[in-house]
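A.B. asks: could you look at this predicted model? Sequence included:
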Amino acid sequence: MSFFDSEIVQQEARSLFQDYQSLMELGGDYGKFDREGKKLFIDKMEEMMERYQIFMKRFELSDDFMAQMTMKQLQSQLGNFGMTPQQMFNQMQSTLERMKSELDKL
């Protein structure tokens, strides 16, 4: 069975995409949130990032050809920006840490 034929993989991919889309829509109003709303948004983003890292690790560890090709495509796309997947996650985490520090000033 192919990596992408797995119902678990398909379900998690759908869930991650839907959660990401929802958070991005919600994030458009981030500046209007009160302190607790901002904190909740940051927490949800951190949870989603953790899930995404686990999902990507499955790709990385899989010996499935399509999973490996997906990883290579991601690495290539990020490489166009001079970045690795790990650097991408580090940058996202750094952004969330900055958002948290701004929250502490409120």
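C.D. replies: The structure has been received and is ready for your questions.

A.B. asks: per-residue confidence at Glu60?
C.D. replies: Each residue has a pLDDT score; the one for Glu60 is 89.

A.B. asks: all helices for the chain, in order.
C.D. replies: Secondary structure of the chain by DSSP state H: the helices cover 7-27, 35-61, 65-79, 85-104.

A.B. asks: pull out the buried positions in the longest one.
C.D. replies: The one in question is helix 35-61. Neighbour counts using 16 or more other Cβ atoms under 10 Å place Lys38, Phe41, Ile42, Met45, Met48, Tyr52, Met56, Phe59 of helix 35-61 among the buried residues. Just so you know, the C-beta spots here come from the backbone N, C-alpha and C atoms, and that holds for glycine as well.

A.B. asks: neighbours of Gln21, how many?
C.D. replies: Residues near Gln21, counting by other Cβ atoms under 10 Å, number 10.

A.B. asks: residue contacts, it?
C.D. replies: With Cβ atoms under 8 Å, 6 or more residues apart in numbering as the criterion, no residue contacts Gln21.

A.B. asks: Leu96 too?
C.D. replies: By Cβ under 8 Å, 6+ apart, the contact set of Leu96 is Ile42, Met45, Glu46, Met49.

A.B. asks: recalculate using a threshold of 7 Å.
C.D. replies: By Cβ atoms under 7 Å, 6 or more residues apart in numbering, the residues touching Leu96 are Ile42, Met45, Glu46.

A.B. asks: which one of these is nearest Thr70?
C.D. replies: Using Cβ to Cβ, Met45 is the member of the contacts of Leu96 that lies nearest Thr70, at 22.9 Å.

A.B. asks: hang on, isn't that closest one packed against Leu23?
C.D. replies: Yes. Judged on Cβ atoms under 7 Å, Met45 makes contact with Leu23 at a distance of 6.1 Å.

A.B. asks: excluding chain neighbours, what is closest to the residue most central in space within the chain?
C.D. replies: In the chain, the centroid-proximal residue (Cα atoms, centre = their mean) is Met49; its distance is 3.8 Å. Using Cβ to Cβ, 6 or more residues apart in numbering and skipping the chain neighbours, the partner closest in space to Met49 is Met92 (5.7 Å).

A.B. asks: and Phe81, backbone torsions?
C.D. replies: Per-residue torsions, Phe81: phi -100, psi 10 (degrees, to the nearest 10).

A.B. asks: perfect, that will be all.
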